[in-house]
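Student: Predicted structure and sequence below. I'll ask about it afterward.
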Amino acid sequence: MRFSRFGLLLIITVTVFIGANCSYYNRVIARKNLVDGAKAYKDRKFGEAEKLFRYAASKDPNGETVEGRTAQLSLARTLHSIYIGNRSDKSKAEEALAEYKKSLPLSLKELKETSAAYNANKAAEDGQKKYLSSLANVNSTTSAIASLYENLAQPDKAKEWQTEVANSADYPVTARARALSSLSAKMNTCANDITDTEATKKTVKKDGKDVYQFVKPSNPDDVSKLKECVAEGNRLIDQAVAIEPDEVKNAGSLNVAPLTDTQLALNGEIFKVFESTRSYKASLLVQAMRQAEMDGNNTLRDSLKAEADAAKAKFQELSDIVKKMQAEVETRAAAKEAAEKNNANSNANKK
């Protein structure tokens with residue numbers, strides 16, 4: 001799993017300007033170490049960043065301040081980055097996992113606070129920024145923990161963790177949907193490995209055109225496995241679709257142009273999660289359709305095909321909005337860069 005250095009810098013920059021209930025001295029020291037740690041992280045000096053973030057976290061071990069919470073999460077991400085650079089060092093993965101688990105309750109606490117403020121006044125940009133930051137922290141942390149379990153060859157623990165997140169109301173719907181998408185993706189792969197083979201996917205003529213016809217695998221164990229994977233995958237993805245928030249359901253009517261940069265980022269944090277769930281919903285319906293055809297139940301096959309086509313359309317609608325938002329982000333970034341370049345040239349000409 002990779003992390004955005006800009007994202008880490010953004011979290012820390014926001015932190016420097018937020019008050020908290022800690023002694024003035026500890027806050028000043030923590031902030032200095034956060035800023036210095038962010039620079040070291042940006043420069044890929046992860047060992048130095050680790051020391052700085054660890055020291056900053058020690059100034060508020062209970063995470064009572066935003067500085068303490070940011071330091072704890074920054075430490076976990078730094079350790080994770082060190083492991084990514086040297087995957088043979090499993091001890092760093094274990095350390096990162098432990099630090100993520102230590103930071104997660106702090107991030108959840110912060111999310112609860114920022115969510116309440118955001119819902120009380122969704123138009124306030126400061127509230128939007130704080131909510132976005134805390135939501136992204138929880139989303140990335142829950143996913144990082146699952147990823148590290150997989151890296152440590154502990155798939156059962158990864159599944160157990162994702163199931164816990166998926167079924168807990170303590171987590172935001174985005175984190176829950178992420179976990180459900182990951183679990184359902186494995187079921188989709190399981191089913192596809194059986195249905196998409198030369199033995200089960202035959203090319204036949206229909207109305208003068210080449211089409212695929214799906215036939216049962218010869219191995220009864222594969223038949224049973226396919227049935228289990230399709231049923232479990234659809235159960236999981238239906239659970240994810242059921243928790244879609246209203247902003248996702250109404251995304252088709254969203255006008256991207258007037259949104260602020262923060263609103264674009266916040267919508268992106270939410271929409272991309274459910275873009276994935278909608279994609280897997282369509283894919284798993286296709287697997288169910290193939291299974292029905294293998295069973296010779298053409299009526300069910302046709303019904304499932306209609307459902308799959310409708311699910312693909314819903315996915316495409318949300319995907320188009322996500323692409324529009326990304327295009328708007330890129331357009332604004334290019335305009336900003338051009339303006340800065342023009343200003344620099346103008347200043348140079350005045351000298």
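Tutor: Arrived safely, thanks for sending.
Student: Ranking helices and strands of this protein by mean pLDDT, which lands last?
Tutor: helix 5-16 (a mean of 53; mean pLDDT, DSSP states H and E).
Student: What is the helix or strand following that one packed up against?
Tutor: Proceeding C-terminally, helix 5-16 gives way to helix 24-42 as the next helix or strand, assigned by DSSP states H and E. The criterion is 3 or more CB pairs under 8 Å, 6 or more residues apart in numbering; DSSP states H and E, and the helices and strands that helix 24-42 contacts are helix 5-16, helix 46-58, helix 66-85. (Glycine included, C-beta is placed from N, CA and C.)
Student: and of these, who's closest to residue 333?
Tutor: helix 5-16 (11.5 Å; CB to CB).
Student: Would you map the helices across the stretch 251-351 of the chain?
Tutor: Defined through DSSP state H, counting those that start in this stretch, the helices belonging to the stretch 251-351 of the chain, from first to last, are 261-294, 298-350.
Student: do the stretch 101-250 of the chain as well
Tutor: Applying DSSP H, counting those that start in this stretch to the stretch 101-250 of the chain gives helices spanning 125-151, 155-166, 173-195, 220-241, 246-249.
Student: Distance check, the nearest residue to residue 245 once chain neighbours are set aside against residue 276.
Tutor: Excluding its sequence neighbours, the residue lying closest to residue 245 (CB to CB, 6 or more residues apart in numbering) is residue 173, at 5.8 Å. Distance of residue 173 to residue 276, computed by CB to CB, to the nearest Å: 13 Å.
Student: Settle it for me: which of those two has more neighbours?
Tutor: Between residue 173 and residue 276, counting by other CB atoms under 10 Å, residue 276 is the more crowded of the two (22 against 18).
Student: which ones are touching the more buried one?
Tutor: Residue 276 sits next to 177-178, 181 when contact means CB atoms under 8 Å, 6 or more residues apart in numbering.
Student: redo that, cut-off 7 Å
Tutor: Contact analysis of residue 276 by CB atoms under 7 Å, 6 or more residues apart in numbering lists residue 181.
Student: Ok, which of the helices of the stretch 251-351 of the chain comes nearest residue 43?
Tutor: In this view, the helices of the stretch 251-351 of the chain are compared for proximity to residue 43 by CB to CB, and helix 298-350 is the closest at 22.0 Å.
Student: where's that closest one relative to the chain centroid, distance-wise?
Tutor: In this view, helix 298-350 has its centroid 17 Å away from the chain centroid, taken as CA atoms, centre = their mean, to the nearest Å.
Student: Give me the mean pLDDT for that helix.
Tutor: Taken as a whole, helix 298-350 has a mean pLDDT of 94.
Student: Repeat that for stretch 80-89.
Tutor: Within the predicted structure, the mean pLDDT of stretch 80-89 is 95.
Student: ok, back up a step: quickly compare the helices of the stretch 251-351 of the chain and say which is most buried.
Tutor: Ranked by average neighbour count under the criterion mean count of other CB atoms under 10 Å, these are headed by helix 261-294 at a mean of 22.
Student: what angle do it and helix 173-195 make?
Tutor: Relative orientation of helix 261-294 with respect to helix 173-195: 30 degrees, computed using axes from the mean of the first three to the mean of the last three CA atoms, to 10 degrees.
Student: returning to what we had before: what pLDDT does the residue nearest to residue 245 get?
Tutor: For residue 173, the pLDDT comes out at 98.
Student: separation between it and residue 166?
Tutor: Taking CB to CB as the criterion, residue 173 is separated from residue 166 by 10 Å.
Student: likewise residue 81?
Tutor: In this structure, residue 81 and residue 166 are separated by 27 Å, where distance is defined by CB to CB.
Student: what about residue 218, how many neighbours?
Tutor: Using other CB under 10 Å: residue 218 sits among 9 other residues.
Student: Grab the nearest non-local neighbour of it.
Tutor: Closest residue to residue 218 in three dimensions, ignoring its sequence neighbours and counting by CB to CB, 6+ apart: residue 199, at 6.9 Å.
Student: Could you tell me how many residues sit around residue 137?
Tutor: Counted by other CB under 10 Å, the residues lying close to residue 137 total 24.
Student: what pLDDT does the closest residue to residue 277 other than its chain neighbours get?
Tutor: Excluding its sequence neighbours, the residue lying closest to residue 277 (CB to CB, 6+ apart) is residue 240, at 4.2 Å. We note a pLDDT of 98 for residue 240 in this prediction.
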